[in-house]
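Q: The sequence and its predicted three-dimensional model are supplied below.
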Amino acid sequence: MAELSVDRLHFRRGRFTLELDRLQIAPGEKVAILGENGCGKTTLLQLLAGLLPPSGGRVRYDNEPLQKIPMIRRARLFALLPQFSDVIFPFSVFEVVLFGRFPHRQGNAFSAEDRQLSTEMLARFDLEDLTERPFNQLSGGEKRRVMLARVLNQQAPLLYLDEPNAGLDIRHALEIFSLLRERPETIVAPVHDINLAHRFFDRFLLLKEGRLLADVHRAQLTPALLTETYNVQVATGTAAFLFQH
Ligand SMILES: Nc1ncnc2c1ncn2[C@@H]1O[C@H](COP(=O)(O)OP(=O)(O)OP(=O)(O)O)[C@@H](O)[C@H]1O
(Lines give C-alpha, C1' and ligand atoms only; values in the text may rest on other atoms or scores of the structure.)
Protein backbone atom coordinates (compact mmCIF):
# COMPACT_ATOMS: atom_id res chain seq x y z
CA MET A 1 0.00 0.00 0.00
CA ALA A 2 1.19 3.49 -0.73
CA GLU A 3 1.11 6.91 0.77
CA LEU A 4 -1.29 9.68 -0.15
CA SER A 5 0.20 13.16 -0.23
CA VAL A 6 -1.03 16.67 -0.85
CA ASP A 7 1.13 19.57 -1.89
CA ARG A 8 -0.16 23.16 -1.92
CA LEU A 9 -3.68 22.14 -2.87
CA HIS A 10 -5.99 24.93 -3.89
CA PHE A 11 -9.59 24.71 -5.02
CA ARG A 12 -12.06 27.45 -5.87
CA ARG A 13 -15.76 27.13 -6.61
CA GLY A 14 -17.68 30.41 -6.66
CA ARG A 15 -17.08 32.10 -3.33
CA PHE A 16 -15.85 28.91 -1.68
CA THR A 17 -12.12 28.21 -1.56
CA LEU A 18 -10.27 25.30 -0.04
CA GLU A 19 -6.56 25.43 0.72
CA LEU A 20 -4.36 22.70 2.09
CA ASP A 21 -0.64 23.28 2.12
CA ARG A 22 0.70 19.85 2.99
CA LEU A 23 -0.77 16.54 4.05
CA GLN A 24 0.57 13.01 4.15
CA ILE A 25 -1.51 9.98 4.96
CA ALA A 26 0.33 6.73 5.57
CA PRO A 27 -0.98 3.30 4.54
CA GLY A 28 -3.59 1.94 6.92
CA GLU A 29 -4.22 5.22 8.77
CA LYS A 30 -7.77 5.92 9.93
CA VAL A 31 -8.38 9.63 9.44
CA ALA A 32 -11.61 11.47 10.34
CA ILE A 33 -12.41 14.87 8.87
CA LEU A 34 -14.30 17.07 11.32
CA GLY A 35 -15.88 20.45 10.75
CA GLU A 36 -19.17 22.29 10.48
CA ASN A 37 -21.57 22.03 7.52
CA GLY A 38 -20.18 23.58 4.38
CA CYS A 39 -16.55 23.81 5.60
CA GLY A 40 -15.37 21.62 2.71
CA LYS A 41 -15.20 18.03 3.99
CA THR A 42 -16.87 16.44 0.95
CA THR A 43 -14.97 18.75 -1.39
CA LEU A 44 -11.67 17.66 0.19
CA LEU A 45 -12.68 14.01 -0.14
CA GLN A 46 -13.49 14.51 -3.82
CA LEU A 47 -10.16 16.26 -4.39
CA LEU A 48 -8.29 13.44 -2.63
CA ALA A 49 -10.13 10.89 -4.76
CA GLY A 50 -9.30 12.78 -7.97
CA LEU A 51 -12.99 13.39 -8.70
CA LEU A 52 -12.53 17.16 -8.71
CA PRO A 53 -9.60 18.81 -10.44
CA PRO A 54 -7.74 21.22 -8.12
CA SER A 55 -7.25 24.85 -9.20
CA GLY A 56 -3.65 24.51 -8.03
CA GLY A 57 -1.27 22.08 -6.34
CA ARG A 58 -1.29 18.31 -6.44
CA VAL A 59 -2.59 15.17 -4.84
CA ARG A 60 -0.27 12.20 -5.27
CA TYR A 61 -0.70 8.52 -4.60
CA ASP A 62 2.55 6.61 -4.33
CA ASN A 63 4.24 9.76 -5.69
CA GLU A 64 2.15 9.69 -8.86
CA PRO A 65 -0.15 12.70 -9.51
CA LEU A 66 -3.76 11.48 -9.43
CA GLN A 67 -4.67 13.12 -12.73
CA LYS A 68 -2.09 10.88 -14.44
CA ILE A 69 -3.54 7.66 -13.07
CA PRO A 70 -5.98 6.13 -15.58
CA MET A 71 -9.59 5.77 -14.42
CA ILE A 72 -9.62 1.97 -14.29
CA ARG A 73 -6.48 1.92 -12.10
CA ARG A 74 -7.97 4.62 -9.86
CA ALA A 75 -11.07 2.46 -9.42
CA ARG A 76 -8.81 -0.32 -8.14
CA LEU A 77 -6.95 2.05 -5.82
CA PHE A 78 -9.78 4.16 -4.38
CA ALA A 79 -13.29 3.30 -3.29
CA LEU A 80 -15.74 6.08 -2.48
CA LEU A 81 -18.87 5.95 -0.37
CA PRO A 82 -20.76 9.12 -1.33
CA GLN A 83 -22.83 11.06 1.18
CA PHE A 84 -26.01 10.12 -0.67
CA SER A 85 -26.37 7.14 -2.96
CA ASP A 86 -29.27 5.94 -4.99
CA VAL A 87 -29.54 3.35 -7.70
CA ILE A 88 -31.69 4.19 -10.70
CA PHE A 89 -32.45 0.66 -11.90
CA PRO A 90 -34.28 -1.92 -9.74
CA PHE A 91 -31.14 -3.91 -8.86
CA SER A 92 -31.17 -6.40 -6.02
CA VAL A 93 -29.02 -5.94 -2.95
CA PHE A 94 -26.76 -8.76 -4.18
CA GLU A 95 -26.26 -7.05 -7.54
CA VAL A 96 -25.44 -3.70 -5.94
CA VAL A 97 -22.75 -5.34 -3.80
CA LEU A 98 -21.51 -7.39 -6.77
CA PHE A 99 -21.03 -4.17 -8.77
CA GLY A 100 -18.28 -3.28 -6.31
CA ARG A 101 -16.23 -5.92 -8.17
CA PHE A 102 -16.55 -3.97 -11.42
CA PRO A 103 -12.93 -2.75 -11.60
CA HIS A 104 -11.72 -6.35 -11.20
CA ARG A 105 -13.85 -7.87 -13.95
CA GLN A 106 -12.02 -9.89 -16.57
CA GLY A 107 -13.98 -9.44 -19.80
CA ASN A 108 -17.69 -8.73 -19.61
CA ALA A 109 -18.83 -11.05 -16.85
CA PHE A 110 -18.37 -11.31 -13.11
CA SER A 111 -16.45 -14.42 -12.05
CA ALA A 112 -17.47 -17.11 -9.56
CA GLU A 113 -14.93 -15.52 -7.19
CA ASP A 114 -16.62 -12.11 -7.55
CA ARG A 115 -19.94 -13.74 -6.57
CA GLN A 116 -18.37 -15.62 -3.68
CA LEU A 117 -16.70 -12.45 -2.34
CA SER A 118 -20.02 -10.59 -2.61
CA THR A 119 -21.83 -13.28 -0.64
CA GLU A 120 -19.14 -13.13 2.06
CA MET A 121 -19.34 -9.35 2.21
CA LEU A 122 -23.13 -9.46 2.63
CA ALA A 123 -22.66 -11.84 5.55
CA ARG A 124 -20.04 -9.58 7.13
CA PHE A 125 -22.52 -6.70 7.09
CA ASP A 126 -25.34 -8.82 8.47
CA LEU A 127 -27.29 -8.42 5.21
CA GLU A 128 -28.01 -12.03 4.22
CA ASP A 129 -31.77 -11.62 4.78
CA LEU A 130 -31.88 -8.71 2.35
CA THR A 131 -29.88 -10.33 -0.48
CA GLU A 132 -32.76 -10.67 -2.97
CA ARG A 133 -34.59 -7.46 -2.01
CA PRO A 134 -34.69 -4.55 -4.49
CA PHE A 135 -32.15 -2.01 -3.24
CA ASN A 136 -34.54 0.91 -3.77
CA GLN A 137 -37.05 -0.57 -1.35
CA LEU A 138 -34.67 -0.64 1.62
CA SER A 139 -34.66 1.78 4.54
CA GLY A 140 -32.03 4.54 4.61
CA GLY A 141 -29.85 2.71 7.15
CA GLU A 142 -30.13 -0.60 5.26
CA LYS A 143 -29.09 1.15 2.03
CA ARG A 144 -26.10 2.63 3.82
CA ARG A 145 -24.92 -0.79 5.00
CA VAL A 146 -25.35 -2.24 1.50
CA MET A 147 -23.32 0.63 0.03
CA LEU A 148 -20.58 0.10 2.62
CA ALA A 149 -20.50 -3.61 1.71
CA ARG A 150 -20.18 -2.62 -1.93
CA VAL A 151 -17.33 -0.20 -1.20
CA LEU A 152 -15.36 -2.80 0.76
CA ASN A 153 -16.09 -5.37 -1.96
CA GLN A 154 -14.06 -3.19 -4.32
CA GLN A 155 -10.94 -4.26 -2.35
CA ALA A 156 -9.27 -0.89 -2.89
CA PRO A 157 -6.41 0.00 -0.52
CA LEU A 158 -7.80 3.50 0.09
CA LEU A 159 -11.38 4.08 1.23
CA TYR A 160 -13.07 7.47 1.16
CA LEU A 161 -16.23 7.19 3.25
CA ASP A 162 -18.42 10.28 3.39
CA GLU A 163 -20.24 10.04 6.74
CA PRO A 164 -20.20 6.23 6.95
CA ASN A 165 -22.63 6.11 9.90
CA ALA A 166 -25.23 8.47 8.39
CA GLY A 167 -28.67 6.98 9.01
CA LEU A 168 -27.38 4.04 11.06
CA ASP A 169 -28.81 3.13 14.46
CA ILE A 170 -26.35 3.01 17.35
CA ARG A 171 -25.79 -0.78 17.20
CA HIS A 172 -25.04 -0.79 13.48
CA ALA A 173 -22.92 2.35 13.79
CA LEU A 174 -20.80 0.72 16.52
CA GLU A 175 -20.55 -2.56 14.58
CA ILE A 176 -19.50 -0.84 11.39
CA PHE A 177 -16.99 1.47 13.05
CA SER A 178 -15.48 -1.54 14.87
CA LEU A 179 -15.26 -3.40 11.58
CA LEU A 180 -13.67 -0.42 9.80
CA ARG A 181 -11.13 0.10 12.55
CA GLU A 182 -9.84 -3.44 12.08
CA ARG A 183 -9.53 -3.15 8.30
CA PRO A 184 -6.06 -2.88 6.74
CA GLU A 185 -7.16 -0.20 4.26
CA THR A 186 -6.43 3.50 4.66
CA ILE A 187 -9.69 5.22 5.59
CA VAL A 188 -10.48 8.91 5.23
CA ALA A 189 -13.96 9.84 6.42
CA PRO A 190 -15.89 12.98 7.25
CA VAL A 191 -17.78 12.17 10.47
CA HIS A 192 -20.31 14.35 12.29
CA ASP A 193 -20.52 12.31 15.50
CA ILE A 194 -17.43 13.50 17.35
CA ASN A 195 -17.67 10.90 20.12
CA LEU A 196 -17.80 8.01 17.65
CA ALA A 197 -14.99 9.53 15.60
CA HIS A 198 -12.88 9.99 18.74
CA ARG A 199 -13.41 6.38 19.73
CA PHE A 200 -12.67 4.73 16.39
CA PHE A 201 -10.27 7.01 14.49
CA ASP A 202 -6.60 7.74 15.19
CA ARG A 203 -6.13 11.02 13.44
CA PHE A 204 -8.32 14.08 12.90
CA LEU A 205 -8.28 16.78 10.25
CA LEU A 206 -10.18 19.79 11.59
CA LEU A 207 -11.50 21.93 8.76
CA LYS A 208 -12.85 25.42 9.09
CA GLU A 209 -14.07 27.51 6.16
CA GLY A 210 -11.92 25.59 3.69
CA ARG A 211 -8.75 25.76 5.80
CA LEU A 212 -7.00 23.08 7.84
CA LEU A 213 -7.27 24.35 11.40
CA ALA A 214 -5.47 21.34 12.88
CA ASP A 215 -4.15 17.89 12.05
CA VAL A 216 -3.99 15.99 15.32
CA HIS A 217 -3.95 12.54 16.88
CA ARG A 218 -6.56 11.38 19.37
CA ALA A 219 -4.76 12.62 22.48
CA GLN A 220 -4.56 16.15 21.05
CA LEU A 221 -8.23 16.42 20.16
CA THR A 222 -9.08 18.85 22.94
CA PRO A 223 -12.36 20.59 23.82
CA ALA A 224 -10.66 23.93 23.03
CA LEU A 225 -9.84 22.78 19.51
CA LEU A 226 -13.37 21.46 18.96
CA THR A 227 -14.84 24.70 20.32
CA GLU A 228 -12.80 26.62 17.76
CA THR A 229 -13.79 24.24 14.96
CA TYR A 230 -17.54 24.26 15.57
CA ASN A 231 -18.16 27.62 17.28
CA VAL A 232 -19.91 25.90 20.18
CA GLN A 233 -18.71 25.32 23.72
CA VAL A 234 -17.34 21.77 23.99
CA ALA A 235 -16.49 20.17 27.32
CA THR A 236 -15.64 16.65 28.42
CA GLY A 237 -17.78 14.88 30.98
CA THR A 238 -19.91 11.87 31.63
CA ALA A 239 -22.30 11.28 28.78
CA ALA A 240 -26.00 10.92 29.56
CA PHE A 241 -25.94 7.46 27.96
CA LEU A 242 -22.97 5.18 27.52
CA PHE A 243 -23.01 2.53 24.79
CA GLN A 244 -20.90 -0.59 25.10
CA HIS A 245 -20.00 -2.76 22.16
N1 LIG B 1 -21.84 21.00 -6.55
C2 LIG B 1 -21.64 22.16 -5.94
N3 LIG B 1 -21.75 23.32 -6.63
C4 LIG B 1 -21.54 24.50 -6.04
N5 LIG B 1 -21.19 24.65 -4.74
C6 LIG B 1 -21.07 23.54 -4.01
C7 LIG B 1 -21.28 22.23 -4.56
N8 LIG B 1 -21.07 21.31 -3.60
C9 LIG B 1 -20.77 22.01 -2.49
N10 LIG B 1 -20.74 23.34 -2.72
C11 LIG B 1 -20.40 24.40 -1.77
O12 LIG B 1 -19.02 24.19 -1.39
C13 LIG B 1 -18.84 24.42 0.00
C14 LIG B 1 -18.28 23.18 0.67
O15 LIG B 1 -19.23 22.13 0.56
P16 LIG B 1 -18.95 20.64 1.10
O17 LIG B 1 -20.04 19.78 0.56
O18 LIG B 1 -17.55 20.27 0.80
O19 LIG B 1 -19.13 20.85 2.67
P20 LIG B 1 -19.17 19.78 3.84
O21 LIG B 1 -18.18 20.22 4.87
O22 LIG B 1 -19.00 18.40 3.30
O23 LIG B 1 -20.65 19.98 4.39
P24 LIG B 1 -21.70 18.98 5.14
O25 LIG B 1 -21.20 18.77 6.53
O26 LIG B 1 -22.96 19.79 5.13
O27 LIG B 1 -21.81 17.73 4.33
C28 LIG B 1 -20.20 24.84 0.55
O29 LIG B 1 -20.22 26.25 0.58
C30 LIG B 1 -21.20 24.31 -0.47
O31 LIG B 1 -22.35 25.14 -0.52
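A: Yes, it's here. Numbering: from 1, shown residues only.
Q: And the strands in this protein, which stretches?
A: 4-13, 16-25, 30-34, 56-61, 64-65, 78-81, 158-161, 186-190, 203-208, 211-217 (DSSP state E).
Q: how close does the most centrally placed residue in the chain sit to Leu98?
A: For the chain, the residue nearest the mean C-alpha position is Leu161 (1.2 Å; CA atoms, centre = their mean). Going from Leu161 to Leu98 by CB to CB, to the nearest Å gives 20 Å. Just so you know, the C-beta spots here come from the backbone N, C-alpha and C atoms, and that holds for glycine as well.
Q: Now do the lowest-mean-pLDDT helix or strand in the chain: everything it contacts.
A: When the helices and strands of the chain are scored by mean pLDDT, DSSP states H and E, helix 71-77 comes last with a mean of 90. Residues from elsewhere that reach helix 71-77 (CB atoms under 8 Å, 6 or more residues apart in numbering): 49-50, 61, 66, 69, 102-104, 154-158.
Q: do you know which of the strands of the chain lies nearest Leu130?
A: Of all the strands of the chain, strand 78-81 sits nearest to Leu130, with 17.8 Å by CB to CB.
Q: what lines up beside the closest one in the sheet?
A: Counting by DSSP bridges, the strands paired with strand 78-81 are strand 158-161 (parallel).
Q: Can you list the neighbours in contact with the partner strand?
A: Under CB under 8 Å, 6+ apart, the answer for strand 158-161 is 1, 4, 45, 48-49, 61, 77-81, 148, 151-152, 180, 183, 185-189.
Q: Try it again at 10 Å.
A: With CB atoms under 10 Å, 6 or more residues apart in numbering as the test, strand 158-161 has contacts from 1-2, 4, 25, 27, 29-30, 32-33, 42, 44-46, 48-49, 51, 61, 74, 77-83, 147-148, 151-152, 176, 180, 183, 185-191.
Q: From those residues, pick out the ones that also neighbour the ligand.
A: Near the ligand, judged by CB under 6 Å from any ligand atom, the entries from the contacts of strand 158-161 are Thr42, Pro190.
Q: Only the buried members of the contacts of strand 158-161: can you turn that into a PyMOL selection?
A: Per 16 or more other CB atoms under 10 Å, the buried members of the contacts of strand 158-161 correspond to this PyMOL selection:
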select buried, resi 4+25+29+30+32+33+42+44+45+46+48+49+61+74+77+78+79+80+81+82+147+148+151+152+176+180+185+186+187+188+189+190+191
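Q: how about Pro157, what does it touch?
A: 1-2, 4, 27-28, 61-62, 76-79, 184-186 are the contacts of Pro157 under CB under 10 Å, 6+ apart.
Q: repeat for Asp202
A: Gly28, Glu29, Lys30, Val31, Ala32, Arg181, Ile187, His217, Arg218.
Q: how about the residues of the protein near the ligand?
A: When proximity is defined as CB under 6 Å from any ligand atom, the chain approaches the ligand at Arg13, Gly14, Phe16, Gly35, Asn37, Gly38, Cys39, Gly40, Lys41, Thr42, Thr43, Pro190.
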